[in-house]
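# A predicted structure for the sequence below; I have some questions about it.
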Amino acid sequence: MATKIKEVFFNPFSKNNPVIVQVLGICSVLAVTAKLEPALVMGISVTAVLAFANVIISLIRNTIPTNIRIIVQLVVVATLVIIVDQVLKAYNYQVSKQLSVFIGLIITNCILMGRLEAFALGNKPWPAFLDGVGNGIGYAIILVVVGFFRELLGSGTLFGIQVVPQALYDLGYMNNGLMILPPMALITAACIIWVQRSHNKDLQEK
Amino acid sequence: MKALRKFLDNIKPAFQPEGKLSKLQSVYDGFESFLFTPNSTSGKTGAQIHDSIDLKRTMIIVVIALIPALLFGMYNVGYQHYLAIGQQTAFFDTFLYGLAAVLPSIVVSYAVGLGIEFTAAQIRGHEINEGFLVSGLLIPLICPINTPLWMIAVATAFAVIFAKEVFGGTGMNIFNVALVTRAVLFFGYPSKMSGDAAFVSTDSVFGLGAGNLVDGYSGATPLGQAATNVGDTLSLTNIVGEPISTLDAFLGLIPGSVGETSTLCILIGAAILLFTGIASWRIMLSVFAGGLVMSSVAYFFATPAFPTSFIAPIDQLCYGGFAFAAVFMATDPVTGARTDLGKFIYGFLIGVFAILIRIYNGGYPEGAMLAVLLMNAFAPTIDYCVVNANIKRRLKRAKAQ
C-alpha cells in the first residue's frame, strides 16, 4: 500500500505529468507564463484548489448521484476558486491583476475535472489529497520552468529582478521579444516534452 | 582531381562501420558525394525512372540564380553607404565595402545552419544532404544589412531546429526555413529588423568607409516612408532626399534588405530558374498577378488612412521584398502547393496577402514574408481540395456513363 501511495504522489511529477504527458491545462501554460511570478502563483493556486476539491469530492463520493456528479464537482471547484481569488485579491493584488481572468478560468482547467473524475470519485480522502497535491505540483513545475525561460530570455529578469547584467546589453545583447508572445510558451513546453521523452524510453511512441 | 580521389579512398576505411571514425560516416559520405558523383546509381535496366536532376543539382542551380541578386545586393550596400556619407567612390571600392559588410552574415548563417544539419545527420545516422545550401544564402539576403551577427546565428539555429529538423529534415519542413529565420528575427528583435536604422550601413566595416552623414539623411525604405506618410499625396525619396522613380526601384538602388532591392537581378534569377525548370512558372506568374490585382484595387480606392495605397500598382511589385518572395520563396517546392491548379491558387493568394498586409496593416510596412508563411500553412489544404474536386469530377463522369 505504501508504494501505491508513493506512486499516487510522485507519478504526476514526471511519468504521468498532467501537462507534458497528458497535455492538459495547456491554455494557462500559454497565458500566465510570460513572467515567473504569476506562473508560480498560478501553480500554487491550482495545487490548492485541486487538493481540496479532491478531498471534498472524495468525502462525499458515496452520496453524489452519478447523473449529477459533474454539476456537484463544478460547484465544489467554483467555490474553491472563488476563495482562492479572494485570497489573492486581499494579499497579492498586483499578481491577481496580472492573472486577471485566468484564476477564474481554473474552473475550466481540464486537470481538475480529470482528477476528480478519474481519481477522487473512486478513492479515499487521503490518497485523493496526495493525488491532488501531486498533480498540482506536476502542473506547477512545468509552469515555473516555462515561466523561468520566458522571463529570462524575454525580459532579462527573474521575479522582476534584473539578472542579465547591463554589461551584456552594452555588448549588443537584446531581449528576445518573441519569448513574450504566446507561441514561445508552446515551443518551450514542447522542448520540455522533448527532453523528458528522450530520457524516458517508455513514454516514446513508436 | 585524382589526388583528391586517392585521398578520399585512403581515409575511407576509418569511416566504415568497424572503423575508428564510424560515427562520422555520414560526414564522409556527404563530402564524398559533394565532390564526386557516387558510383552506385540505379541500374540502367529495369523499371526505374531516370532523371538527370537530383537534389544537389537543384540546389546548385538555385544558388546560381541567387548570384545576381547577391552581387547587386553587395554593390547596393556600398552604394547606400557612400551616398549616406556623401562620398564619390569608384565602382570597385563601393563593391568592396558591400562585400565586407555582407560576407560575415553569409559565413555565420552557413556555419550555424550546416553545423546543426551535420550534427542532426550524425545523431540520426542519416545522409547529409544539400538542403541548407540555398537557405543559408537566402538568410543573409532577406535580412537588413545592420542585423547583428549573433542574432542571425540565434535565429538560424532556431529555424533549422524547429522549422526543419523536428519535422524530419530536408524536404519534410512545412514552413520555408529562411523565412522562419526572418520571422524569428522580426518578432524577436523588431527594433533591428524595421525602422530607419536597419537598412543602411552607416558605420565603417573592417576599416572601409565611414564618415559623417550628409544633411537631410534618412535611412527609411520607400515602404517605410509610405507607411508613415500623411496627407493626400505621396512622394518617395532615396536616403538623401532625392525623389525615386519606378526605374530606380526596378534597378534597385534603394535601401532595403540586402538581396531584395533589385527587381531586375531577381528577374535574371527567375529566368535561370524557369529556363532550367527548377521553379514553377505557375506560382511565379500567379504571385505577380495576385499582387497586381490587389494593388490595383487598393490604388483605385486609395485613401490617406492607408498611405501605402497611393503607390502605383507596378511600383508595388518593385518595392520591398515582393519580387524576391515571388521568385525565390513562393516557388520553394517543399513548402508550396503541388497540384497545377493548386499552384495558381497558392501563388495568387500570396500576391494578394502580401499587398493586403503591406497596405492595410499599419504595423507591418512589408507583408511578403508573412504572406508566404501563411500560405505555406495552407498549401496542403489547397492541394487536398484540388485533388478531391478532381476525384469528385471523375466519379461523376464515371456514374454518368
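Everything's here; your move.

# looking at A:M1 now. What's its pLDDT?
A:M1 carries a pLDDT score of 55 in this model.

# revised request: answer the last question for B:L70.
93.

# please apply the same query to A:F159.
In this prediction A:F159 is given a pLDDT of 85.

# what of the one 4 residues further on?
pLDDT recorded at A:V163 is 84.

# tell me who's in contact with the closest residue to it other than its chain neighbours.
With sequence-adjacent residues excluded and distances taken as C-beta to C-beta, 6 or more residues apart in numbering or on different chains, A:V163 is closest to A:T157, at 6.2 Å. In short, each C-beta sits where N, CA and C put it, glycine included. A:T157 sits next to A:E151, A:V163, A:V164 when contact means C-beta atoms under 8 Å, 6 or more residues apart in numbering or on different chains.

# A:T157 and A:A34, how far apart?
11 Å (C-beta to C-beta, to the nearest Å).

# name the helices or strands packed onto the helix or strand of chain A with the lowest mean pLDDT?
Every helix and strand in chain A was compared by mean pLDDT, DSSP states H and E; the lowest is helix A:2-10, with a mean of 78. Secondary-structure packing of helix A:2-10 (3 or more C-beta pairs under 8 Å, 6 or more residues apart in numbering or on different chains; DSSP states H and E): helix A:125-155.

# which neighbours does the next helix or strand after the helix it packs on have in its sheet, and in what orientation?
Remark: after helix A:125-155, the chain's next helix or strand is strand A:157-158, criterion DSSP states H and E. Sheet pairing for strand A:157-158, assigned by DSSP bridges, gives strand A:161-162 (antiparallel).

# near chain B, anything from the helix or strand that the partner strand is followed by?
Next along the chain after strand A:161-162, taking DSSP H and E as the criterion, comes helix A:166-170. No: using C-beta under 8 Å from any C-beta of the partner chain, helix A:166-170 never reaches chain B; the gap is at least 11.1 Å.

# what packs against the helix or strand following helix A:166-170?
Per DSSP H and E, the first helix or strand lying C-terminal to helix A:166-170 is helix A:182-199. Applying 3+ C-beta pairs under 8 Å, 6+ apart, one finds that helix A:182-199 contacts helix A:26-32, helix A:125-155.

# could you give the number of residues near B:S257?
24 (other C-beta atoms under 10 Å in any protein chain shown).

# closest point of chain A to chain B, which residue?
A:L178 (3.9 Å; C-beta to the nearest C-beta).

# how about the contacts made by the closest residue in space to that residue that isn't next to it in sequence?
Spatial nearest neighbour of A:L178, chain neighbours left out: B:G188 (3.9 Å); criterion: C-beta to C-beta, 6+ apart. B:G188 sits next to A:N176, A:G177, A:L178, A:M179, B:M151, B:V154, B:A155 when contact means C-beta under 8 Å, 6+ apart.

# point out where the chain drops to low pLDDT.
Just going to use chain A. A:1, A:206 (pLDDT under 70).

# please go with chain B instead
In chain B, residues with pLDDT under 70: B:1, B:17-23, B:25, B:33-34, B:37-44, B:46-51, B:207, B:401.

# quick check: residues of it near chain A?
So far as C-beta under 8 Å from any C-beta goes, chain B lies against chain A at B:P148, B:W150, B:M151, B:V154, B:F162, B:V184, B:F187, B:G188, B:Y189, B:P190, B:S191, B:K192.

# residue contacts, the residue minimising distance to the centre of chain A?
Nearest to the geometric centre of chain A sits A:Y139, at 3.2 Å (C-alpha atoms, centre = their mean). Residues in contact with A:Y139 (C-beta under 8 Å, 6+ apart) are A:N17, A:P18, A:V19, A:G25, A:G43, A:V46, A:T47, A:L50, A:I111.

# for the residues you listed, which one is nearest B:C265?
Proximity of these to B:C265, judged by C-beta to C-beta, is greatest for A:V19, which lies at 49.9 Å.

# what about the closest one, neighbour count?
Going by other C-beta under 10 Å, the residues that sit close to A:V19 add up to 25.

# would you agree it is in contact with A:G25?
Yes: contact criterion C-beta atoms under 8 Å: A:V19 and A:G25 qualify, at 5.6 Å.

# sorry, back to before: quick one: the residue nearest to the centre of chain A from B:S286, how far?
48 Å.

# and B:C385, by the same measure?
16 Å.

# for A:Y169, same thing?
If you measure A:Y169 against B:S286 using C-beta to C-beta, the figure is 46 Å.

# neighbour count: those two, which is higher?
B:S286 (23 against 13).

# so what's that one up against?
Counting by C-beta under 8 Å, 6+ apart, B:S286 touches B:K343, B:F344, B:I345, B:Y346, B:G347, B:F348, B:G351.

# which ones among these map onto strands?
When DSSP state E is applied, these are split such that none fall in strands.

# now a ChimeraX select for only the buried ones of the residues you listed.
The following ChimeraX line selects those of these that are buried, judged by 16 or more other C-beta atoms under 10 Å in any protein chain shown:
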select /B:343,344,345,346,347,348,351
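
# tell me the helix or strand right after the helix or strand hosting B:F187.
Assigned by DSSP H and E, B:F187 belongs to helix B:177-188. Where DSSP H and E defines the elements, the next helix or strand beyond helix B:177-188 is helix B:190-193.

# can you dump the C-alpha atoms of that following helix in CSV for me?
In CSV, the C-alpha atoms belonging to helix B:190-193 read as follows (Å, rounded to 0.1, in the frame of the first residue of the first chain):
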residue,chain,number,x,y,z
PRO,B,190,11.8,44.2,-34.0
SER,B,191,14.0,47.2,-33.4
LYS,B,192,16.8,45.7,-35.5
MET,B,193,14.5,44.4,-38.3
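
# who's in contact with whichever residue of the stretch 251-400 of chain B sits closest to chain A?
Chain A sits closest to B:L373 of the stretch 251-400 of chain B, with a gap of 12.4 Å, by C-beta to the nearest C-beta. By C-beta under 8 Å, 6+ apart, the contact list for B:L373 reads B:F175, B:N176, B:L179, B:V180, B:A183.

# quick check, nearest of these to B:L274?
B:N176 (19.3 Å).

# contacts only, for the closest one.
With C-beta under 8 Å, 6+ apart, B:N176 has these contacts: B:M329, B:D332, B:T335, B:V372, B:L373, B:N376.

# out of everything not next to it in sequence, what's closest to the closest residue to chain A within the stretch 201-350 of chain B?
Closest residue of the stretch 201-350 of chain B to chain A, C-beta to the nearest C-beta: B:D203 (12.7 Å). Distance criterion C-beta to C-beta, 6+ apart; nearest residue to B:D203, sequence neighbours excluded, is B:A210 at 6.5 Å.

# buried set for the helix or strand hosting B:H81?
Assigned by DSSP H and E, B:H81 falls within helix B:55-84. For helix B:55-84, a neighbour-count test (16+ other C-beta under 10 Å) marks B:58-59, B:61-63, B:65-66, B:68-84 as buried.

# thought the residue of the stretch 201-350 of chain B closest to chain A was touching B:N212?
No: using C-beta under 8 Å, B:D203 is not in contact with B:N212; the gap is 11.9 Å.
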